[in-house]
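# Prediction below, plus the sequence it came from.
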Amino acid sequence: MIQQNRATRIATYCLLCIFSVAFFLPFYWLLSTSLKTESQVFRIPPVWFPHPLKWSNYTDGLTFVPFFTYLRNTLVICVGNVVGALLSCSLVAYGLAIIPWKGRDFVFFLILSTMMLPYQVVMVPLFTVFTKLGWIDTFLPLIVPAFFGNAFLIFLLRQFFMSIPKDLTEAARIDGCAEIQIYRRVILPLSKPAMATVALFSFMGAWNDYLGPLIYLFDQGKYTLSLGLAMFSSQYGSYWGMLMAVSTVVTLPIIILFFFTQRTFIQGITMTGLKA
Amino acid sequence: MGNGSHTSRIERTHRRNGLLFTLPALLGLAGFTLYPMAASLYYSFCRYTGLKPPVWTGLSNYFHMLHDPMLRTALWNTFYYTAFAVPLGVATAFFLAVLLNARVRGLAFFRTIFYLPSIVPVVASSVLWLWLLNPENGLINAIIDGVGRLLPRLGLPAITGPGWLADPVWSKPALILMSTWGVGAWVIIYLAGLQDVPQELYEAASLDGASNWQKTRHVTMPFMSPYIFFTVVMGVIGGLQYFTQAWVMTRGTGGPVNSTMMYSMYLFQNAFQFFKMGYACALAWLLFVLIMGATLLIFRTSARYVYYGGR
């Protein structure tokens, strides 16, 4: 540890506090603006403590934007992605980590190398394919690919499965267990934290995705929250109170999710960094 | 003999099972990566509107790039953004991680504060920053103006906040500033790295009379270099593909005066607004080459200063 005298300790705390305030201020501004009346929003110098609180920004915003339709659409896509990722990535990672077969390292390398490919390269042909399948303006292009594995999540699960003692799986195999039973009865029960990380990351990915819905969804009744919020912002750009209310409501579920799953989150991030 | 065929039967079963379990990914690889890659490469040599079948035009899309002023603008904007956002992000995240690593009380609290911005849904954070950066009524300019008014008392000229996204000179700095708010994941990665630095080395350095700066320079930095390397690579790859924030904040225009027209935005416009899908594919392949080139360059130069703990 680098030595610290009293002065550096005080300086450290001061800097931490300054940066914390700077990082937190946008959140405060999001919340406070969401409760301001129009005249408070545009007052100079800015109003720090809105009074009276205009709660109707929330009720207005959520009816102005067909919020619950967008929420339902987003949740359908999110759930589809989570189910698809859990199923496909765990199976593939099992095949790459637990079953000893020639060629698995090559397959692993192939899967990993797809991470290098920018989405833009496959964007146009995928659009063409999904058009031919008649999937445009449906959720299918945003859900179905999740059932075919995601390189990053497969990598994460594989690393976790590799850390499970080999004796367990080999003993089960000698007892005549089929691979699918070893997968279900031995590996999955031991992998809850890693599976939780996969579920969390794929949920967040689908909740945040903007480019995918932008390409594939046209009918406003099928919009996701991201798409709806962006449209609302471009049409009613100066209704800051309402915009901040809707942004708060889009952000809040993720923040709540974070507080319930903090350890899973931190583990997931450090797992990605570890392989550096 | 019997034993040999037994082993090979097991090997065959394992191979069959292995292929079965990895089948989803193999199908995905074929359908969502290899086929689209081949098709995209083919389209890049074609005139393709998406409505009629592609028509082979040879290298004309690639030649067109040479005389496309908007492409030059988009390239410049994207390089500018990446060249400032990545170093600034690395420096900020590293600085915060070092502060957090100083055995502070309330570590979990501070870590959460720094991490939270990075999980805000990207469209929500874009809308929020549009408001924060608003030239007349935004919080950032209110703070700059407030501080700026005090400067004359110190004998300095007064300053006022810039136009940010309304000013072509300040629009990219605005996006870069916004990107530093989201460095939380890197802070966590660096913090994990800092906690892995062997403490004996600091003690040994202290015995040798090293100053704090020398310890940071010669002990901390070498051990942290793989983590920094990893985040720089990820940052550059992400920066060159930067899309959503600039798209949402400028309503897909890349304004003012194309000062925020990013490479991926121009590519998207070509594909889905101008229906020049062949050209969009050519642009995508150039992007791929640029990303590979940048990654390779970082790998090459990193050999000199990335230290893998004697491995």
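Sure thing, it's come through.

# and for stretch A:119-136, what are the contacting residues?
A:140-141, A:144, A:211, A:215-216, A:218, B:32-33, B:35-37, B:39-40, B:43, B:48, B:50, B:241, B:264, B:267, B:271-272, B:277, B:280-281, B:283-285, B:287-288 (CB atoms under 8 Å, 6 or more residues apart in numbering or on different chains). Where you see a C-beta, it was placed from the backbone N, CA and C, and this is true even at glycine.

# One more pass at 7 Å, please.
For stretch A:119-136, the surrounding residues in contact (CB atoms under 7 Å, 6 or more residues apart in numbering or on different chains) are A:141, A:215-216, B:32-33, B:36-37, B:39-40, B:43, B:50, B:264, B:267, B:271, B:277, B:280-281, B:284-285, B:287-288.

# Which pLDDT does the model give residue A:276?
Here the pLDDT value assigned to residue A:276 is 34.

# returning to that earlier point: out of the contacts of stretch A:119-136, which are inside helices?
Residues of these located in helices (DSSP state H): A:141, A:215-216, B:36-37, B:39-40, B:43, B:264, B:267, B:271, B:277, B:280-281, B:284-285, B:287-288.

# Can you report how many residues lie near the residue in the stretch 201-311 of chain B that chain A sits nearest to?
Going by CB to the nearest CB, chain A is nearest to residue B:230 of the stretch 201-311 of chain B, at 3.5 Å. The local packing of residue B:230 (other CB atoms under 10 Å in any protein chain shown) involves 19 other residues.

# before we move on, what about residue A:219?
The number of residues packed near residue A:219 is 8, by other CB under 10 Å.

# how close does it get to residue A:59?
From residue A:219 over to residue A:59 the distance is 25 Å, taken as CB to CB, to the nearest Å.

# Low-confidence ranges, the stretch 101-250 of chain B, go.
Residues of the stretch 101-250 of chain B meeting the criterion pLDDT under 70: none.

# Which parts of it are helices?
B:107-115, B:122-132, B:139-150, B:171-180, B:184-194, B:199-207, B:212-215, B:221-240, B:244-249 (DSSP state H, counting those that start in this stretch).

# so which of these comes closest to residue A:193?
helix B:184-194 (16.5 Å; CB to CB).

# tell me what the closest one is packed against?
Secondary-structure packing of helix B:184-194 (3 or more CB pairs under 7 Å, 6 or more residues apart in numbering or on different chains; DSSP states H and E): helix A:262-274, helix B:69-100, helix B:107-115, helix B:221-240.

# Helix B:107-115 and that one, what's the angle between them?
Here the directions of helix B:184-194 and helix B:107-115 differ by 140 degrees (axes from the mean of the first three to the mean of the last three CA atoms, to 10 degrees).

# Can you give the contact residues for helix B:184-194?
Contacts for helix B:184-194 (CB under 7 Å, 6+ apart): A:266, A:269-270, A:273, B:89, B:93-94, B:96-98, B:100-101, B:114-118, B:224, B:227, B:231.

# Can you say which of those are buried?
A:266, A:269-270, A:273, B:89, B:93-94, B:96-98, B:100-101, B:114-118, B:224, B:227, B:231 (16 or more other CB atoms under 10 Å in any protein chain shown).

# Mind putting the helices of the stretch 101-250 of chain B into JSON lines with distance to residue A:114?
Below are these laid out as JSON lines (distance: least, CB to CB, whole Å):
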{"stretch": "helix B:107-115", "distance to residue A:114": "28"}
{"stretch": "helix B:122-132", "distance to residue A:114": "22"}
{"stretch": "helix B:139-150", "distance to residue A:114": "39"}
{"stretch": "helix B:171-180", "distance to residue A:114": "26"}
{"stretch": "helix B:184-194", "distance to residue A:114": "22"}
{"stretch": "helix B:199-207", "distance to residue A:114": "39"}
{"stretch": "helix B:212-215", "distance to residue A:114": "41"}
{"stretch": "helix B:221-240", "distance to residue A:114": "13"}
{"stretch": "helix B:244-249", "distance to residue A:114": "21"}
